[in-house]
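**Q** Prediction below, plus the sequence it came from.
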Amino acid sequence: MSIEEEDTCFTSFNMASARRVKRVAASQPGFLNLKTSKDSAESLGFKRKRVNRNKKKNWNKYSDINDVESFLDDVRHQERTTGGLLSEKSDDSLFFLDIGEPKKVEQKVPESVEGKKRKGKTSRPLRIDLILQHDSLVPPPKDVLAYQQPNAKKLRRIAQKAEHLAAKGVVPRRQKRLLSRKPVVKGANKAVTEANNYPSRGYYDIWGQETKDSADPWYLQQTGKKRVKRPEKLNEKPSVLPAVEVIAPGGSYNPDFFSHQALLKDAHEVEVKKKKEEDKLERQLAVNKEDTATVDTILQEEVEGLVEEEEDEEETPPNEEEEDAIVGAISLAQKKTERQRKKEKAEKIKEQLRLTNRRETDQRQQLFQLRSIKASVKQQEQSTDEKQKLRKANQEAEKSQPRRLGKLKFQPQDMEVQLSDELAGSLRQLKPEGSVLKDRFKSLQKRNLIEPRERAKFKRRLKLKYVEKRAFKEIT
């Protein structure tokens, strides 16, 4: 068969398939052929162009789908005008019985105040409103987003859990809180404020303690009027020391003799302690005279290494014991025999049995030592209690001592003491000592409110340059 004959057969096959598709489309239920027979004949008798259908680029370009599009257009037209296919409609919806025009019942329409209408004519909508009205009977598509709900799966699971608990008779915590709320008393008269000119009326103390709010705590929490619960740690003071420490009686401007002597003794002990620390530091930094360099030691260091001392070193003969040790090490490294392994295993099992028997013997022996064991346990408990008491006492004592808050250690302030010849007989002759600002600063450090600190040292970046001015040179 030649190529031309193959093309002819292929073209005739395509035409036959196109006619079959049209016949199937026309046989569909509800299809109305709106075209005339002439148009259909022209469409059926259209001479197609001979093209090569084996190529993919010609599939859509030379494919005739007008019959399918016309069928779909007709279906869509029926849905818009009648709300569905005519073949699926009932006869009552398509036909009606014409019995003539019904008699019109005259109804008196009340005249409006705004404007009188013309008699015999009803009010009709404007043409522009009719154009804008939706004339399609196809229902709008379902808006999926309108039915979507955020966290719908989670809420559904929570609702199912609540139903399951309700079936068991379990009340959730939120419902319990709502049930435990105080019932609101309706009709309760509000307290009437009294006038300020009433003499027997109690005045409000602004410095007094705050009264507890009698409102519902759940309501205060939801409205944001309830204060946040303060942690108990913030209520604890960092130190038990008072803010202002009263000086000893001997520090008065006109003290008693014995109290003044007691204060002088305390100041003396402080100075003695400082002196001991200074002496200890001097002893640690003192230079030993024996370690100082002399003329002989300097000469010996200079000459060291220049004089060579010749010593005849005799070669020592090899020791026989070392050789035996080397040979023994080599022999131990050799592979063990089966007999040696069995012997070692038996000795190991025998040692384990011996230890087990010894442990059991010790446990049986402890039965006869119950009295001494009880005494030792009781003694240990007593020592533990004493240690706990001592530890608590130390903790209580540490509360009154400054803690280490920074890299520097707290240094107490020097005691302000006047000697016996410096005492004044009156306040007018009293000489002021110390500084109130420094005293408060040290008090804050002692009560662990701020860390001990030193004044920042100023370091000059650039050196000073001294220049003599011309006027100064002329004078000198």
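**A** That came through fine.

**Q** Find the nearest non-adjacent residue to residue 427, please.
**A** Once flanking residues are discounted, residue 427 sits nearest to residue 253: 5.9 Å by CB to CB, 6 or more residues apart in numbering. C-beta coordinates here come from the backbone N, C-alpha and C atoms, glycine included.

**Q** who are the neighbours in contact with that neighbour?
**A** With contact set as CB atoms under 8 Å, 6 or more residues apart in numbering, residue 253 has these partners: 423, 424, 426, 427, 430.

**Q** got the contact list for the first one?
**A** When the contact criterion is CB under 8 Å, 6+ apart, the partners of residue 423 are 253, 254, 255, 260.

**Q** Could you report the pLDDT at it?
**A** At residue 423, the model reports a pLDDT of 88.

**Q** Which segments of this protein make up each domain?
**A** As given by automatic domain parsing, the domain ranges for the chain are 3-92, 231-275+406-422+431-454.

**Q** hang on, the earlier thing: if burial is judged by neighbour count, which of the contacts of residue 423 pass?
**A** 255, 260 (16 or more other CB atoms under 10 Å).

**Q** now, which of the contacts of residue 423 sits nearest residue 87?
**A** Lowest distance from residue 87 to the contacts of residue 423 (CB to CB) belongs to residue 253, with 123.4 Å.

**Q** quick one: the closest one and residue 421, what's the gap?
**A** Using CB to CB, to the nearest Å, residue 253 is found at 14 Å from residue 421.

**Q** Could you find the closest non-adjacent residue to residue 417?
**A** Closest residue to residue 417 apart from its sequence neighbours, by CB to CB, 6+ apart: residue 267 at 4.5 Å.

**Q** Tell me how far the helix or strand hosting the one you found lies from the chain's centre.
**A** Here residue 267, judged by DSSP states H and E, is contained in helix 257-285. Relative to the centre of its chain, helix 257-285 is centred 55 Å away, using CA atoms, centre = their mean, to the nearest Å.

**Q** Likewise for stretch 417-424?
**A** Stretch 417-424 has its C-alpha centroid displaced from the chain centroid by 63 Å (CA atoms, centre = their mean).

**Q** Show me where this protein dips below the pLDDT cut-off.
**A** For the chain, the stretches flagged by pLDDT under 70 are 1-49, 104-121, 184-206, 208-215, 307-333, 476.

**Q** Check which element follows the helix or strand encompassing residue 351 along the chain.
**A** Using DSSP H and E, the element containing residue 351 is helix 338-366. Next helix or strand after helix 338-366 toward the C-terminus (DSSP H and E): helix 370-399.

**Q** Which of the residues in the helix or strand following that next one are classified as buried?
**A** Sequence order places helix 436-446 as the next helix or strand after helix 370-399, per DSSP H and E. Residues of helix 436-446 classed as buried: 442, 443, 445, 446 (neighbour count, 16+ other CB under 10 Å).

**Q** Looking at these, which one is closest to residue 377?
**A** residue 446 (44.5 Å).

**Q** I'd like the distance between the closest residue to the closest one other than its chain neighbours and residue 124.
**A** Counting by CB to CB, 6+ apart, residue 446 lies nearest to residue 402, which is 5.1 Å off, once chain neighbours are set aside. Remark: distance between residue 402 and residue 124 (CB to CB) = 98 Å.
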